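Participant: Got a predicted structure here, sequence first:
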Amino acid sequence: MLGDDQAVTGPDAYRAAYRTFAEAVRSEPGMENVIFAYSTDKLRKLSDSEVTPAEAKVRDPESLSRDMLRARLVEELTELDAAYVSPPQQAIAAQGGPPSSETLQEYYLEAYPGDDLIDILGIDLYYAHERAASSADLEDMRSMASAVADIGEAKGKPHALTETGTYRLHLLHRVSKLAAGGSLTLYSADHVSRWYDTLFDQGLKTDFLANYGLGSASAVMLSSAEVTGMFPGAEQGAPTEDWYNEHLLELAQSTGVAYALTWQTYYGGSDFDSTPVYYYVPFPGHPEAESFRRFAQDPAVCFDATTCQ
């Protein structure tokens, strides 16, 4: 297709594919009222992105291997002059400080398929896995959500946090169950080996192991000192970060979103206390359960069809 001057690539291809799909769905009987959201990922990297060697260990080997392979694919396609290069994305990356709202809006709308198809403007904002959420994270998230809010106001469309969450709930749960002074096995040797083996290049394999400070594909552990340094309150068995009140509530209120949606639970039914598990709302007895109750009781928060103040 690269040699075909009639080929559609880049944002034009996305817009065409979106339109084809949306029009096909809406043409089906009973689907006239289906609602479509245009939801992008983050519009830029977080400012507070540096992590310590201990924090780097927290990264799930599955996520790390996937991102390393994706980066290699982009690198190889770029060398072949076969990768789409986004001008607004380049402009954002080149700026020394936080990008302007106008630049973020340009990037957000780069592949927008059209007002006639889109009902809701959304953005997916997940907080970092490796470290507790910071004030810099909140400012970055607010700038991106505000850019979407400005577009929604201009277009007369609602805007939302179509996906959001912190990846750290299961980490906090596992740390809360440690005996005083205990170390934590983050990932078993089998889990590390599984995703190490997906990397086809020795350079990738070396970088993968270096992220965890390993010499071979073996278990990843946090020492007692690393646990207490990374999770305040761990020594008392109650590590909390209060992401719901200090980040989600503030982000949702300050940007005026129509709703915020946390994502689904990932649990394959294996050992709940020693494998990677992802969920975005705590359960009774979880160290963040009380902070979530306070979040739920805030006058600005409602669930289902109840009335928010």
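Facilitator: Alright, I've got the coordinates.
Participant: For stretch 27-40, list every residue counted as buried.
Facilitator: Using 16 or more other CB atoms under 10 Å as the test for burial, stretch 27-40 gives 37-40. For every residue, glycine as well, the C-beta is placed using N, CA and C.
Participant: Repeat that for stretch 275-288.
Facilitator: Within stretch 275-288, the residues that qualify as buried are 275-282, 286-288, counting by 16+ other CB under 10 Å.
Participant: quick one: which of the residues you listed is nearest residue 215?
Facilitator: The closest of these to residue 215 turns out to be residue 276 (CB to CB; 22.4 Å).
Participant: Relative to residue 272, how far out is the residue nearest to that closest one when sequence neighbours are not counted?
Facilitator: Take residue 276 and drop its neighbours on the chain: the residue closest to it by CB to CB, 6 or more residues apart in numbering is residue 60, 5.1 Å away. In this view, residue 60 and residue 272 are 16 Å apart by CB to CB, to the nearest Å.
Participant: who's more crowded, these two?
Facilitator: Neighbour tally, residue 60 and residue 272, criterion other CB atoms under 10 Å: the higher count belongs to residue 60, 17 against 12.
Participant: who's in contact with that one?
Facilitator: 129, 187, 276 (CB atoms under 8 Å, 6 or more residues apart in numbering).
Participant: Adding pLDDT, secondary structure and distance to residue 95 as columns, could you present those in a markdown table?
Facilitator: Converted to a markdown table, the contacts of residue 60 look like this (pLDDT from 0 to 100; DSSP: H, G, I helix; E, B strand; the rest coil; distance: CB to CB, whole Å):
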| residue | pLDDT | secondary structure | distance to residue 95 |
| --- | --- | --- | --- |
| 129 | 89 | coil | 25 |
| 187 | 94 | strand | 36 |
| 276 | 82 | coil | 35 |
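Participant: okay, those residues in CSV with distance to residue 75 next?
Facilitator: Formatted as CSV, the contacts of residue 60 follow (distance: CB to CB, whole Å):
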residue, distance to residue 75
129, 23
187, 26
276, 27
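Participant: which among the residues you listed gets closest to residue 167?
Facilitator: residue 129 (4.0 Å).
Participant: The closest one and residue 116, how far apart?
Facilitator: Plainly put, residue 129 is 38 Å away from residue 116 if you go by CB to CB.
Participant: neighbour count winner among these two?
Facilitator: residue 129 (16 against 8).
Participant: mean confidence for stretch 136-153?
Facilitator: The predicted model assigns stretch 136-153 a mean pLDDT of 97.
Participant: On the three-state scheme, the nearest residue to residue 109 once chain neighbours are set aside is what?
Facilitator: Of all residues not flanking residue 109 in the chain, residue 151 sits nearest, at 6.7 Å (CB to CB, 6+ apart). At residue 151 the chain is in helix, as set by DSSP: H, G, I helix; E, B strand; the rest coil.
Participant: Just give me the neighbour total for residue 151.
Facilitator: 19.
Participant: Please tell me I have it right and it contacts residue 158.
Facilitator: No: assessed by CB atoms under 8 Å, residue 151 is found out of contact with residue 158, at 11.2 Å.
Participant: Mind listing the shared neighbours of those two?
Facilitator: With CB under 8 Å, 6+ apart as the test, residue 151 and residue 158 both reach residue 121.
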